[in-house]
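Participant: This is the structure alone, sequence omitted:
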């Protein structure tokens with residue numbers, strides 16, 4: 001949605017800009033004051049791209065009566081999880097440990113002090129992979145190898161700058177078109193652009209938790225990448241004469 005507001009600006013605006021500039025800058029460039037109407041346009045440009053990279057968070061949570069047993073079991077299961085990732089073709093540089101945690105577990109009863117019942121160990125890695133078609137197979141393999149805490153996948157554009165630049169160009173085009181429309185309606189013309197500022201980028205949605213049900217354990221997980229919208233919002237100021 002595009003919002004537009006107009007205001008008559010006095011020549012004093014140009015004088016205030018000059019006053020804020022350093023003497024050296026003032027000697028190099030002369031700022032022409034506004035003599036017409038200032039039009040501020042907030043416009044958005046957006047493009048759609050198919051995601052080409054996926055990120056998931058996969059880990060193992062174990063509980064045992066002793067801290068040593070909880071850590072030992074956790075390490076064994078995480079070894080199997082990492083092996084499954086390597087077997088799936090995930091490079092070591094795309095696997096990063098994100099969480100290692102050990103904490104006591106207590107049982108609480110009314111009018112009684114907490115009772116220590118064991119320890120919970122957590123080990124989690126963040127995984128990045130570029131073949132989104134393999135996402136479902138990798139998730140299934142992780143679950144089969146003992147991963148019981150998975151979040152994701154988060155699908156995104158690996159190198160979004162080219163797409164964002166296209167959205168910026170579109171936003172400028174939209175802003176200019178709105179300015180021309182208002183200028184014609186007012187019997188004026190667009191004289192020049194006074195300022196451009198970027199105020200917002202819209203990218204990928206947050207990751208979603210991944211859960212498997214025992215009833216569908218034999219089914220293959222399907223991941224459909226669809227399209228993602230990348231958007232840029234610009235505020236563009238024009239002078240109308």
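Facilitator: Structure received. The model shown is predicted, which means the values in this text are computed figures rather than measured ones.
Participant: all contacts plus neighbour counts: C-alpha atoms, from now on.
Facilitator: OK.
Participant: packing partners for whichever helix in the chain runs longest?
Facilitator: For the chain, the longest helix by residue count, based on DSSP state H, is helix 161-185. If contacts are counted by 3 or more Cα pairs under 8 Å, 6 or more residues apart in numbering; DSSP states H and E, helix 161-185 sits against strand 37-49, strand 190-202, strand 228-240.
Participant: Show me the helices in this protein, by range?
Facilitator: 12-20, 23-28, 67-87, 135-144, 161-185.
Participant: which residues sit against the longest one?
Facilitator: Pointing back at helix 161-185 there. If you take Cα atoms under 8 Å, 6 or more residues apart in numbering as the criterion, helix 161-185 is touched by 39, 41-47, 49, 189-190, 230-234, 236, 238, 240.
Participant: so how many other residues sit close to residue 99?
Facilitator: Neighbour count for residue 99, taken as other Cα atoms under 10 Å: 12.
Participant: what residue ranges in this structure score low on pLDDT?
Facilitator: For the chain, applying pLDDT under 70 flags the ranges 1-31, 200, 202-222.
Participant: The longest helix of the chain: which residues count as buried?
Facilitator: The neighbour-count check on helix 161-185 (16 or more other Cα atoms under 10 Å) flags 163-172, 174-176, 178-180, 182-183 as buried.
Participant: next one: stretch 102-122
Facilitator: 102, 105, 118-122.
Participant: What is the most widely separated pair among the residues you listed?
Facilitator: Pairwise distances among these were taken by Cα to Cα; the largest, 13.6 Å, belongs to 118 and 122.
Participant: List the contacts of the closest residue to residue 63 other than its chain neighbours.
Facilitator: Spatial nearest neighbour of residue 63, chain neighbours left out: residue 120 (4.4 Å); criterion: Cα to Cα, 6 or more residues apart in numbering. The contact partners of residue 120, taken as Cα under 8 Å, 6+ apart, are 61-64, 67, 70, 102-105.
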